[in-house]
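**Student:** Just the structure for this:
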Amino acid sequence: MIGTSLCKWAISYFAVAIAWLLLAEALIVIGFGFPNHDIGGPDTLVIVHMISIGWLSTVLCGALFQFVPVLVARPLYAERWTLPALALLTLGLTVLLAGFLVLGGHFNGPPLLLPLGAGLLTAGFALVVANLGMTLWSARPLPGPARFVAGGLACICVTATFGGLFSLVLSGTAIGAQWPDLLVSGVPIHAIAGLGGWLTFTAMGVSYRLLAMFMLAPDGDARLGRLAWLAGIAALAVGLVGGVLALGRMTGLNVALLLAGAAALLSLAAYGRDVLSLYRTRKRRALELNTGMSLVALASLAAAAMLGATLLATGAFSSHVGALVFLVAFGWLTGLVLANLYKIVPFLTWLETYGPVMGRAPTPRVQDLVAERRALKWFVLFFAGSWTATLMLLFDTALGFRIAVAVVTLATLGLSEEFIRARRLADVAEPLRLPTGAAMPHLLVSRN
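**Tutor:** Next up is the predicted model:
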């Protein structure tokens, strides 16, 4: 990536996302939302959207703006759209959360806050999809990992559409009153498109390239990658299209979800086997902390798949869906994102600071920007806390869940400090820290 243009605002996306994550974790610790309140109640919706939009979607958008051009060897279509998209996503989520708080009786406000927030979010995601979509379109035919991203972008469109409809129903507008049963039957479709399609499917595609790049591994098995993509697309198509058709008939939704689940398990199995082959064939034999922790996140994904299958087989899915969603959101997605951020932040910082003087002055390695032994304890605490919190939800122990999330919050704070230290070059030995011609990077914005 030497000479590659850095996305100016990618680091800003990461910072805003981490702020939302820490706020959501703090609210959980003090007992706000599930399991202290109803899983479908307004308070829980605040937490869910902080994590899914504020944290996971925002950080994923920032990563995609930087790495989709790397995936397809094309420049980003419109760098100037990235900051307005971040502003719209942040403002839209803030307004949406205010609408949920009004719905929960925490303060008085106009009922149109929900659709207004949903509209702003839709505009922000439209900028993201248009920017990344045009970048992908210019690189047809798409390489394997980029096809996962394209599928994820299609899913965020579905997610935003259903979110907008839900906002109309919840706000009590005349338009929303035409779909009185939408909240019951449409939530599974919204969750499949968002958690399964946009977040997980996109993360699968990005992780393919990042893991291969950071471990110096050859590309994965083309057949397994194709199977993972085709089975994933089939799962999403059956779940979303079948779900919409079932919604119209108000019947058959369970059949569509069962078929989609079977296809999803096949996709995850092929993906997992292909990723493990990257680890086996890597040229960088000693695993760095980010790749080791990515493997732990993949183990959480496998555990989530087994837990979901077990809950379905035992008929306990509806009563323990919160535990499954938490494991997917934290053990898998958040764990994978934090592990990769631990490499991405110093990597982009290294490119920005030392790329311009490469060959003209001694420079540190990317690994010299971090202290892996110090950061390891934070990852251990994070995953231990995430798994313990999942168990507490399975055993319906609300206090134990909050204590476990407090551990997760402490780990998140510790990793946040590590990211800041990398941006400030705090762990780089003084003789190499700022050679002639190099400039200290800004904390939240990259020089591109």
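**Student:** Could you list the low-pLDDT ranges of the stretch 301-448 of the chain?
**Tutor:** Within the stretch 301-448 of the chain, the stretches with pLDDT under 70 are 448.
**Student:** where's F162, which helix or strand?
**Tutor:** helix 144-170 (DSSP states H and E).
**Student:** same for that helix, what does it pack against?
**Tutor:** Contact here means 3 or more C-beta pairs under 8 Å, 6 or more residues apart in numbering; DSSP states H and E; on that basis helix 144-170 packs against helix 58-72, helix 82-103, helix 113-137, helix 182-191, helix 202-215, helix 222-249. Every residue, glycine included, has its C-beta placed from N, CA and C.
**Student:** which one of these lies closest to A375?
**Tutor:** Nearest to A375 among the helices and strands packed on helix 144-170 is helix 202-215; the distance by C-beta to C-beta comes to 15.5 Å.
**Student:** Next, the angle helix 113-137 makes with that closest one.
**Tutor:** Here the directions of helix 202-215 and helix 113-137 differ by 50 degrees (axes from the mean of the first three to the mean of the last three C-alpha atoms, to 10 degrees).
**Student:** Could you give the number of residues near the closest residue in space to P110 that isn't next to it in sequence?
**Tutor:** Take P110 and drop its neighbours on the chain: the residue closest to it by C-beta to C-beta, 6 or more residues apart in numbering is V102, 7.8 Å away. Close neighbours of V102, defined as other C-beta atoms under 10 Å, add up to 18.
**Student:** Measure how far the helix holding F162 is from the centre of its chain, please.
**Tutor:** What separates the centre of helix 144-170 from the centre of its chain is 13 Å, taken as C-alpha atoms, centre = their mean, to the nearest Å.
**Student:** what comes up buried for it?
**Tutor:** Of the residues in helix 144-170, 144-160, 162-170 count as buried by neighbour count, 16 or more other C-beta atoms under 10 Å.
**Student:** how many neighbours does L287 have?
**Tutor:** Neighbours of L287 (other C-beta under 10 Å): 15.
**Student:** With R373 as the reference, measure out to it.
**Tutor:** For L287, the distance to R373 equals 14 Å [C-beta to C-beta, to the nearest Å].
**Student:** Please apply the same query to T135.
**Tutor:** T135 is 38 Å from R373, by C-beta to C-beta.
**Student:** same question, L393
**Tutor:** 32 Å.
**Student:** residues contacting A235?
**Tutor:** G196, A260, G261, A262, A263, A264, L266, S267 (C-beta atoms under 8 Å, 6 or more residues apart in numbering).
**Student:** my bad, should have said A231
**Tutor:** A263, A264, L266, S267, A270.
**Student:** In this structure L333 contacts T200, no?
**Tutor:** Yes. Under the criterion of C-beta atoms under 8 Å, L333 makes contact with T200 at 6.9 Å.
**Student:** before we move on, back to that, so L393 and R373 - more neighbours on which side?
**Tutor:** Counted by other C-beta under 10 Å, L393 and R373 do not tie: L393 has more neighbours, with 23 against 8.
**Student:** Which elements pack onto the helix or strand where Y13 lies?
**Tutor:** Assigned by DSSP H and E, Y13 belongs to helix 10-29. Judged by 3+ C-beta pairs under 8 Å, 6+ apart, helix 10-29 is in contact with helix 42-49, helix 58-72, helix 82-103, helix 335-354, helix 398-423.
**Student:** and it, how far out from the chain's middle?
**Tutor:** For helix 10-29, the distance to the chain centre is 12 Å (C-alpha atoms, centre = their mean).
**Student:** CA atoms only for that helix, dumped as PDB, please.
**Tutor:** Extracted in PDB, the C-alpha atoms of helix 10-29 (Å, rounded to 0.1, in the frame of the first residue of the first chain):
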ATOM      1  CA  ALA A  10     -11.200   7.000   8.300                       C
ATOM      2  CA  ILE A  11      -9.600   7.600  11.700                       C
ATOM      3  CA  SER A  12     -12.400  10.000  12.500                       C
ATOM      4  CA  TYR A  13     -15.000   7.200  11.800                       C
ATOM      5  CA  PHE A  14     -13.000   4.900  14.100                       C
ATOM      6  CA  ALA A  15     -13.000   7.500  16.900                       C
ATOM      7  CA  VAL A  16     -16.700   8.300  16.700                       C
ATOM      8  CA  ALA A  17     -17.500   4.600  16.600                       C
ATOM      9  CA  ILE A  18     -15.500   3.800  19.700                       C
ATOM     10  CA  ALA A  19     -17.200   6.700  21.600                       C
ATOM     11  CA  TRP A  20     -20.600   5.100  20.800                       C
ATOM     12  CA  LEU A  21     -19.400   1.700  21.900                       C
ATOM     13  CA  LEU A  22     -18.100   3.000  25.200                       C
ATOM     14  CA  LEU A  23     -21.400   4.900  25.800                       C
ATOM     15  CA  ALA A  24     -23.500   1.800  25.000                       C
ATOM     16  CA  GLU A  25     -21.400  -0.400  27.300                       C
ATOM     17  CA  ALA A  26     -21.700   2.200  30.100                       C
ATOM     18  CA  LEU A  27     -25.400   2.300  29.800                       C
ATOM     19  CA  ILE A  28     -25.600  -1.500  30.000                       C
ATOM     20  CA  VAL A  29     -23.400  -1.500  33.100                       C
END
